[in-house]
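> give the three-dimensional model of this entry:
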Amino acid sequence: MPHSPEEKKRVLARVRRVRGQIDALERALEEGADCGPVLQQIAAVRGAINGLMAGVLESHLREEFSHLAAANGTPDKPIEEVVSLVRSYLR
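Down below sits the predicted model:
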């Protein structure tokens, strides 16, 4: 769950965009659209969901582990590495 009001606003905006993509996909299916565009829309939805998940997970990792790095006097480099790894995996 996003912890700051700005993060919450950003995540909700992403969810609303995903909902719009899903609605467009549903309309395309109801109208009998060709398979190619439908598959492209499905891929776009999957990408949007993966981006949403990556963003929420990144926020969670930063929230949970940044205070540990600060308490130990270590940089956030390990957190950045994990975030980068997660983002590359979810693409």
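
> C-alpha from now on. contacts and neighbour counts both.
Noted.

> what sits against the residue sitting nearest the centre point of the chain?
The centroid of the chain falls nearest to residue 52 when counting by CA atoms, centre = their mean (1.6 Å). For residue 52, the contact set (CA atoms under 8 Å, 6 or more residues apart in numbering) comprises 11, 14-15.

> what do you get for residue 25?
Here residue 25 is in contact with 38, 41-42 (CA under 8 Å, 6+ apart).

> quick revisit: now the contacts of residue 52 in JSON lines, with distance to residue 68 and secondary structure?
Listed next are the contacts of residue 52 as JSON lines, based on distance: CA to CA, whole Å; DSSP: H, G, I helix; E, B strand; the rest coil:
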{"residue": "11", "distance to residue 68": "25", "secondary structure": "helix"}
{"residue": "14", "distance to residue 68": "29", "secondary structure": "helix"}
{"residue": "15", "distance to residue 68": "30", "secondary structure": "helix"}
